[in-house]
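# mind folding the following:
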Amino acid sequence: MASSTAPGRFGLTGLLFLLAACGRGQAGEYIGRVEPPDEPVLRVAVAEDPEGLDPTRYSSQPTWRVARMLFEGLLAFTSDGRVVPGTAHRWEVSPDAVRYRFFLRSDARWSDGEPVTAHDFVFAWRRVVDPVMGASSAAKLLGLENAERIVAGELSVGTLGVAAAADTILEVTLEHPDPNFPLHTALPPFFPLPRHLAAEAYRDWPAGSEVVGNGPFVLDRWRLNDRLRVERSPTYWNRSAIGVEAVTLFAIADDTTVLNLYRAGEIDWAVTGTVPDDAAGRFVTERRPEARTGGRYATYYLELNTRRPPLDDLRVRRALELTMPREGIVEAVFSGQGPAARTLVVPDIPDWSPPELPAPDPELARRLLAEAGYPGGAGLEPLTFLYNTGSLHGEVAEYLQGHWGRELGLVIEPVPLDYAAMEERGRRGDFDLLRSIWLADLPLPDDFLSVFVAHNPNNLTGWTDPAFDDLLARARGTLDRRERFALLRQAESRLLAAVPIIPLLQFSYGTVQLVKPYVEGLDVNPLDVIGWAGIRVDPDWRP
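Modelled structure (predicted):
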């Protein structure tokens, strides 16, 4: 893989000298240099920049990582994946789990010193579901009263089930009972916005790089494709629990570059997905303490464009699914990072059992393709396969190109794009196949399945099914966990039978991060979230 980032762009003068001094790691257990920085700052390698600095508008993991630094919701995640009080210090719920009251902290402040009020939450939530915003994150708020009809343009944003009973009291009404609703408020789409600033620049806030937030950090600077630096906020209500003065995120697409910088002691933390697979596996085998292993509630899958031929024909989609070489791709491309997957929802979720599915059947696949009018692939135009560069997605496309060519006579046309271009083209429906990964925000099966309900902007397949939507709606209205999960299992069965997606891999294990030994308080968790309270860098640490 060619490096797309020159070390000099990060101000790393003398990097080659450092690498030569370090070799392949100092003697002992450490991976390269382990000298802490002079100040309590954290230097982090990430694969991508955020899509933007509006915390409520986007739904990508890089964007949410930054959002949680600059903003905070009613509840907040800890570094081990638990949810605790955030801007709200307590809440009340009605017996039917439809109405909630959240009580905000009186000392919650925006970074410009203004108080955070319930009105800021009302403004932000209404803005997320406003059709003029076209926010992909609006799907997260569809459980609120009237949200679906607002997103569809049938009702005004003022009818959303949220209101400020007082400056420090937020009232929420849901469309259906949901005893898990408080957990959702820890997600960025539910974060507040500074109404006194964002109302004026309604669609474009924040313009430029000036951001006023209510989180543990404030933005210092952001240079696209280079670095994003934040500093500890002087107005954050829990400032004393934030143990680092500044954090710099380096956007580095090439994983070999990340490893070199980590060895040189210029990076303190390499997040999941930024470490070369071969090196990560070796560090785990050698039991290096800096290699933090864990799993994620995440599934890698293909989206199929059901809106245009030939994938508007279920028989063609089934032919692809019945011949998907999952095990081969997992071993050849992903080095066994997780089990091959035929379902969307990961089986690791507590109390969840996946639906049973028909076994792969290449002969049936060829018959279905012939019935659809394409015997041996004859008459089929090339299928475009969109993926973003900088990772293993191109190898997946090449593997499928060869496999489906041999098995079905199909021609696959790989189309490498940067992430933003891939997303934009996907939303226009200009593709046949598109690679996707869904990382669950909460340990719930409907967190996966709700992606494919009508009006969810994260569903790029064009597939909708009223019966599927009804099953999810019935599940949302069911308080009994066993009955709720039974309905969700039926919903997943319908989704997989229609084949708008083809699950390929579940990252249930094998994810690796590198963390220097002088960094304390970082925990690997299946939701891949970080709570900044308790994380610290010890400048006085010594081996």
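# show me the shaky parts of the stretch 101-250 of the chain.
Scanning the stretch 101-250 of the chain for pLDDT under 70 picks out the ranges 208-209.
# now do the helices in it.
118-129, 147-151, 181-184, 195-198 (DSSP state H, counting those that start in this stretch).
# helices or strands up against the longest one?
This means helix 118-129. Using 3 or more C-beta pairs under 8 Å, 6 or more residues apart in numbering; DSSP states H and E, the elements in contact with helix 118-129 are helix 147-151, strand 162-166, strand 169-173, helix 195-198. All C-beta atoms are positioned from the backbone trio N, CA, C, and that covers glycine.
# mind giving me the packing neighbours of the first one?
So that's helix 147-151. For helix 147-151, the packing partners by 3+ C-beta pairs under 8 Å, 6+ apart are helix 118-129.
# for Arg307, find the nearest of the helices and strands packed on helix 118-129.
The closest of the helices and strands packed on helix 118-129 to Arg307 is helix 147-151. By C-beta to C-beta, the value is 19.6 Å.
# check the offset of the closest one from the chain's centre.
23 Å (C-alpha atoms, centre = their mean, to the nearest Å).
# try stretch 125-145
Computed by C-alpha atoms, centre = their mean, the chain-centroid distance of stretch 125-145 equals 17 Å.
# buried ones in the helix of greatest length in the chain?
For the chain, the longest helix by residue count, based on DSSP state H, is helix 481-498. By 16 or more other C-beta atoms under 10 Å, the buried positions in helix 481-498 come out as 484-485, 487-496, 498.
# now, which of those sits nearest Asp447?
For the buried residues of helix 481-498, with Asp447 as the reference and C-beta to C-beta as the criterion, the closest is Leu488, at 10.3 Å.
# quick check, pLDDT for that closest one.
We have a pLDDT of 97 for Leu488.
# so it touches Leu449, yeah?
Yes. Using C-beta atoms under 8 Å, Leu488 is in contact with Leu449, at 6.1 Å.
# dump the residue contacts of Pro194.
Residues near Pro194 by C-beta atoms under 8 Å, 6 or more residues apart in numbering: Trp110, Asp112, Glu114, Asp120, Val212, Gly213, Asn214.
# could you find the closest non-adjacent residue to the second one?
What that stands for is Asp112. Sequence neighbours aside, Val212 is the residue nearest to Asp112 in space, at 5.0 Å (criterion: C-beta to C-beta, 6 or more residues apart in numbering).
# count of neighbours near the one you found?
Using other C-beta atoms under 10 Å, Val212 has 21 other residues around it.
# tell me where the stretch 401-543 of the chain has helices.
419-428, 445-449, 466-476, 481-498.
# closest to Leu144 out of the ones you listed?
Nearest to Leu144 among the helices of the stretch 401-543 of the chain is helix 466-476 (11.6 Å), distances taken as C-beta to C-beta.
# would you mark the buried spots in the closest one?
Those would be Phe468, Asp469, Leu471, Leu472, Ala473, Arg474, Ala475, Arg476, for helix 466-476 by 16+ other C-beta under 10 Å.
# could the residues you listed go into TSV alongside pLDDT?
Formatted as TSV, those follow (pLDDT from 0 to 100):
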residue	pLDDT
Phe468	98
Asp469	94
Leu471	96
Leu472	93
Ala473	86
Arg474	90
Ala475	90
Arg476	83
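# Gly143: which of those is nearest?
Gly143 lies nearest to Arg476 out of these, by C-beta to C-beta, at 6.6 Å.
# from what I can see the closest one touches Asp178, true?
Yes. Assessed by C-beta under 8 Å, Arg476 is found in contact with Asp178 at 6.2 Å.
# neighbours around Pro414, how many?
17.
# per-residue pLDDT of the residue lying closest to it once chain neighbours are set aside, please?
In space, not counting the residues next to it along the chain, Pro414 is nearest to Ala397; the distance is 3.9 Å by C-beta to C-beta, 6+ apart. Per-residue pLDDT puts Ala397 at 96.
# how about the contacts made by Ala397?
With contact taken as C-beta under 8 Å, 6+ apart, Ala397 is in contact with Phe385, Tyr387, Ile412, Pro414, Arg435.
# now do the SS call for it.
helix (DSSP: H, G, I helix; E, B strand; the rest coil).
# Leu434 versus that one, what's the distance?
11 Å (C-beta to C-beta, to the nearest Å).
# mutual contacts of those two, please.
Residues touching both Ala397 and Leu434 (C-beta under 8 Å, 6+ apart): Phe385, Tyr387.
# so which of the helices of the stretch 101-250 of the chain gets nearest Ala163?
Judging the helices of the stretch 101-250 of the chain by C-beta to C-beta, what sits closest to Ala163 is helix 118-129, at 6.5 Å.
# before we move on, the earlier item: which of the helices of the stretch 101-250 of the chain sits closest to Pro95?
helix 181-184 (14.1 Å).
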